[in-house]
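K.L.:
Sequence plus the predicted model coming up.
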Amino acid sequence: MNILLVEDDYLLGRSTARLIEKAGEKVGEKTGEHRVRLTHKAADILKHCQSGWTEVVLMDIDLPGTFWKEEEVTGVSLARLLKSQPQTVHIPILLLSAYATETEKRRLLSESAADGIYTKPITDTDSFLRLLMQVCHGKGPSWEGHGEGPSWGGHGLTASAS
């Protein structure tokens, strides 16, 4: 799977990339099948998504110092941009947030048109992997025990790929 990881904190991005690679091994996939590219630059995000390389985007909601067309942008606005373009609308996007409340998560999903949201740092690998697979396979957002609704994991809400 080709994963574009959008994270402005390089060290957190590298540790998240390693976690994703190990999670792939855990479900029996070959390590080489998970390719993670890390960036926080808007031009790189659009290039990788428009090229057809990207199969899923993991997008930090806060991207201080990230600019597109001379304006500072956020992960939410970049997700909305990707979902508005015909050549990238099909790419699943999972937002990553370090601090959003349940109410904020609902708002962020609505504003961004993203396919799910997860609380970082990723501490529950199983929960994260279930949500990532759910988003990638287009099974629709849900969270454990609640059927249809927003997707998120961490901090008490565990994603389920039902």
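P.N.:
Arrived safely, thanks for sending.

K.L.:
Give the other helices and strands that the helix with the most length in the chain contacts.
P.N.:
Looking across the chain with DSSP state H, the single longest helix is helix 10-26. When contacts are defined as 3 or more Cβ pairs under 8 Å, 6 or more residues apart in numbering; DSSP states H and E, helix 10-26 packs onto strand 2-6, strand 35-39, helix 125-136. (C-beta placed from N, C-alpha, C; glycine too.)

K.L.:
CSV for the ones you listed, including mean pLDDT, distance to Ala113 and mean neighbour count?
P.N.:
Shown next, in CSV, are the helices and strands packed on helix 10-26 (pLDDT from 0 to 100; distance: least, Cβ to Cβ, whole Å; neighbours: other Cβ atoms under 10 Å):
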stretch, mean pLDDT, distance to Ala113, mean neighbour count
strand 2-6, 93, 15, 22
strand 35-39, 90, 20, 17
helix 125-136, 77, 13, 21
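
K.L.:
so who does Arg37 touch?
P.N.:
Contacts for Arg37 (Cβ atoms under 8 Å, 6 or more residues apart in numbering) come out as Asn2, Ile3, Leu4, Leu5, His48, Trp53.

K.L.:
Name the nearest of the residues you listed relative to Glu70.
P.N.:
Glu70 lies nearest to His48 out of those, by Cβ to Cβ, at 21.1 Å.
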